[in-house]
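Enquirer: 3D, please:
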Amino acid sequence: MSSGQEAEIRESGQPARRGVIDNLTPDASVPWVRIDGHAPRPIYLAGDPVEILPELENPVAY
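Expert: Below is the predicted model of the structure:
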């Protein structure tokens with residue numbers, strides 16, 4: 001995961017949303033995500049019930 005990368009955010013019990021990784025701690029363990037281009041940017045901590053999945057630039061479909 002890197003700053004500026006598009007991602008899909010899946011929080012427990014909510015529909016998946018798209019966002020952009022806005023900032024990360026140096027070890028990349030804590031991301032700030034700008035969801036759908038809006039502020040404020042939520043911060044996610046280890047142990048939060050959330051998945052942040054990087055979007056593939058060229059996904060292969062069969």
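Enquirer: drop to CA atoms for contacts and neighbour counts, all remaining ones
Expert: Noted.
Enquirer: Now do the same for Ile9: helix, strand or coil?
Expert: Assigned with DSSP: H, G, I helix; E, B strand; the rest coil, Ile9 falls in the strand class.
Enquirer: Start from the N-terminal end of the protein and give the strands.
Expert: 6-11, 17-24, 31-35, 50-54 (DSSP state E).
Enquirer: and of those, who's closest to Pro42?
Expert: Ranking the strands of the chain by their distance to Pro42 (criterion: CA to CA) puts strand 31-35 first, at 5.7 Å.
Enquirer: Rounded mean pLDDT for the closest one, please.
Expert: Mean pLDDT, strand 31-35: 86.
Enquirer: Between strand 17-24 and it, find me the angle.
Expert: Calculated by axes from the mean of the first three to the mean of the last three CA atoms, to 10 degrees, strand 31-35 forms an angle of 140 degrees with strand 17-24.
Enquirer: which helices and strands sit right next to strand 31-35?
Expert: Packing partners of strand 31-35 (3 or more CA pairs under 8 Å, 6 or more residues apart in numbering; DSSP states H and E): strand 17-24.
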